[in-house]
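1. let's see this in three dimensions:
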Amino acid sequence: DQEKRIQKIDRLARSLLIQGLPNDIYYLIDNNKTAKDLRDALARHMLGSEYGEQDRKAAALYEYETFKATEGELFLDTYIRYLQLINDLKKYGYS
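-> Numbering: from 1, shown residues only. Now for the predicted structure:
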């Protein structure tokens with residue numbers, strides 16, 4: 001009974017992971033049987049891949065373009081966040 005519950009949860013988790021993947025990535029990691037194996041393969045693929053790098057660059061650029069202080073945030077904290085963002089942009093080749 002417990003084993004059936006675990007299998008059902010695993011199938012649901014695997015299904016949810018697959019739904020958000022583009023077809024080209026899905027076909028690269030489709031042979032994984034459990035949700036954990038699928039997630040691990042996806043993480044390995046994305047961390048070193050062109051897609052993952054592009055996503056990180058796009059996220060950093062978007063954060064820069066929409067950067068603003070949050071209400072109640074100290075000026076020093078805002079400045080530190082800004083410097084971290086600038087460092088990320090430099091790391092991704094923006095100048």
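2. for the least confident helix or strand in the chain by mean pLDDT, buried residues please.
-> Lowest mean confidence among the helices and strands of the chain (mean pLDDT, DSSP states H and E): helix 23-29, at a mean of 73. For helix 23-29, a neighbour-count test (16 or more other CB atoms under 10 Å) marks 25, 29 as buried. C-beta coordinates here come from the backbone N, C-alpha and C atoms, glycine included.
3. from the middle of its chain, how far away would it be?
-> Mean-position distance between helix 23-29 and its chain equals 16 Å (CA atoms, centre = their mean, to the nearest Å).
4. who are the packing partners of the helix or strand following that helix?
-> Using DSSP states H and E, the helix or strand that follows helix 23-29 in sequence is helix 35-47. The helices and strands touching helix 35-47, judged by 3 or more CB pairs under 8 Å, 6 or more residues apart in numbering; DSSP states H and E, are helix 2-19, helix 23-29, helix 50-65.
5. quick check: buried residues in helix 35-47?
-> 35, 38, 41-42, 46.
6. could you find the lowest-pLDDT member of those?
-> The pLDDT minimum for the buried residues of helix 35-47 sits at residue 46, where the score is 71.
7. who's in contact with the nearest residue to residue 38 once chain neighbours are set aside?
-> Beyond its immediate neighbours in the sequence, the residue positioned closest to residue 38 (CB to CB, 6 or more residues apart in numbering) is residue 32, lying 4.2 Å away. Shown in contact with residue 32 (CB atoms under 8 Å, 6 or more residues apart in numbering): 38, 40-41.
8. domain boundaries for the protein, per the record?
-> Listed domain ranges for the chain are 2-47, 51-91 (source: automatic domain parsing).
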